[in-house]
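Student: Quick one: sequence plus predicted model below, questions after.
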Protein chains: 2
Amino acid sequence: MGQLEYHRLDKTLAQAADMCQKNGIKLTPKRSKLLTGLLKTDHAQSAYDLIEVMKLEYGETLQPTTVYRILDILSGENLVHKLHLSNRYIACSHICCDHGHDVPQFLVCDSCHKVVEISVDPDMIADFSRQANANHFVLTSPQIELHCRCQDCQSAAS
Amino acid sequence: MGQLEYHRLDKTLAQAADMCQKNGIKLTPKRSKLLTGLLKTDHAQSAYDLIEVMKLEYGETLQPTTVYRILDILSGENLVHKLHLSNRYIACSHICCDHGHDVPQFLVCDSCHKVVEISVDPDMIADFSRQANANHFVLTSPQIELHCRCQDCQSAAS
DNA sequence: GTTAAAAATGATACTTTGTATCATATCGCA
DNA sequence: TGCGATATGATACAAAGTATCATTTTTAAC
């Protein structure tokens, strides 16, 4: 599996349920399964990928509408992040962290969609924000996604 | 019109043709018109937006395939930039500059797709590159796109 | 000039991605 | 029990992007 060891999955899901409850959101079975699907991989998944996963892992046939709705909910709770570079989704890698969430920054492999969530100097963000303001823009999300190639895909290409 | 004053359009197109020629690429009439369409606005355009523009401005009906092909060509020549956040395209704002092209960085209004191309401290890019390497990724493009809201859309929303 | 290869564009059809809309089911609670 | 809110299903559609092959246009050699 991906970024998460098996024995941490339950703990993460419990934490996720807690986070939801605090905002009056329920982590329903389907939401939980979909989040699990994302937690089990470090490759960003498209909505239609996730439909496949749900089918294969749980025998459940979800409509696109449902999947997008669930992804919106989970994004709203900061349990998953939407990667706009590829229109794919990845579980937040800090669900179990006690420290407050940093601004999410991602290294995204353009080829296989492997993702690493990194942290970025807040000064850098402040700098971007200043630059935006100087151009009459307001930064609405400091999320940064960088075009990369992961090690595996580099080897494969060479 | 957008980012470009009328009297500079010809000069910019000539410069663009030069740049193409150096790489054995031709700036055909359709490519030129499509580039013009992009030069006339500071809002990123989708491929299908551009089909509309070509229809309205020149009465030419382009197939999606053709538009995507042309956009690839123009991107390859650094005459237009693809914004991956929104899958839209914008003319490079430095076609006429004599100085070498900086790494392109964009402030993108999530609402109306207005775009400003800014420049970013090369140290910052170097920093990203180092971080990528530390995570076994290689930065394939240092292009950064930031989620913003432009002044007009802020006013409209409030 | 003619012609053959290369480059550019057209046309058809299709796949993927995302959304609108209305229906149904489930849950919490009075 | 029954009512309102939340969650999910289902159908249909719209938008975005691609594969494939055909046709036209350019280029350059002869």
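Tutor: Received, thanks.

Student: In chain A, where is pLDDT below threshold?
Tutor: A:1-7, A:98-101, A:157-158 (pLDDT under 70).

Student: Which single helix of it contains the most residues?
Tutor: Among the elements of chain A assigned as helix by DSSP state H, the one spanning the most residues is helix A:6-22.

Student: what comes up buried for that helix?
Tutor: The neighbour-count check on helix A:6-22 (16 or more other Cβ atoms under 10 Å in any protein chain shown) flags A:T12, A:L13, A:Q15, A:A16, A:A17, A:M19, A:C20 as buried. (Each C-beta comes from the backbone N, C-alpha and C, glycine too.)

Student: Please verify my assumption that the first one contacts A:L38.
Tutor: The reference is to A:T12. No. Assessed by Cβ atoms under 8 Å, A:T12 is found out of contact with A:L38, at 10.8 Å.

Student: how about the strands in chain A?
Tutor: A:80-83, A:88-91, A:105-109, A:115-118, A:137-141, A:144-150 (DSSP state E).

Student: if we can go back for a sec, from the buried residues of helix A:6-22, which is closest to chain B?
Tutor: A:T12 (21.3 Å; Cβ to the nearest Cβ).

Student: For beta bridges, what are the partners of A:F137?
Tutor: Note on A:F137: beta-bridge partners B:C150, judged by DSSP bridges.

Student: if we can go back for a sec, which two of the buried residues of helix A:6-22 lie the greatest distance from each other?
Tutor: The distance between the two most remote of the buried residues of helix A:6-22 (Cβ to Cβ) is 12.6 Å, for A:T12 and A:C20.

Student: tally of neighbours for A:N133?
Tutor: By the measure other Cβ atoms under 10 Å in any protein chain shown, the count of residues near A:N133 is 13.

Student: which residues sit in contact with A:P104?
Tutor: Remark: with contacts taken as Cβ atoms under 8 Å, 6 or more residues apart in numbering or on different chains, A:P104 is in contact with A:H81, A:C92, A:E117, A:Q143.

Student: From DNA strand D, how far off is the third one?
Tutor: Counting by Cβ to the nearest atom of the strand, to the nearest Å, the gap between A:E117 and DNA strand D amounts to 24 Å.

Student: Setting the sequence-adjacent residues aside, check what's closest to that residue.
Tutor: Nearest residue to A:E117 in three dimensions, chain neighbours excluded: A:S93, at 4.5 Å (Cβ to Cβ, 6 or more residues apart in numbering or on different chains).

Student: residue with max distance from the center of chain A?
Tutor: Using Cα atoms, centre = their mean, the residue of chain A lying farthest from its centre is A:A134. It sits 30.6 Å away.

Student: Which residues of chain A lie near DNA strand C?
Tutor: A:S46, A:A47, A:Y48, A:Q63, A:P64, A:T65, A:Y68, A:N87 (Cβ under 7 Å from any atom of the strand).

Student: A:K30: neighbour count?
Tutor: 16.

Student: got a list of what it touches?
Tutor: A:M54, A:E60, A:L62, A:T66, A:I70.

Student: closest to chain B among these?
Tutor: A:I70 (21.9 Å).

Student: any idea how far A:P64 is from that closest one?
Tutor: 11 Å (Cβ to Cβ, to the nearest Å).

Student: Which one's more surrounded, these two?
Tutor: Higher neighbour count among A:I70 and A:P64: A:I70, with 22 against 11, using other Cβ under 10 Å.

Student: Tell me who's in contact with that one.
Tutor: Counted by Cβ under 8 Å, 6+ apart, A:I70 has contacts A:K30, A:R31, A:L34.

Student: can you pull the contacts of A:S141?
Tutor: Counted by Cβ under 8 Å, 6+ apart, A:S141 has contacts B:H147.

Student: A:Y68 now?
Tutor: A:A47.

Student: Distance of it relative to A:Q143?
Tutor: 19 Å.
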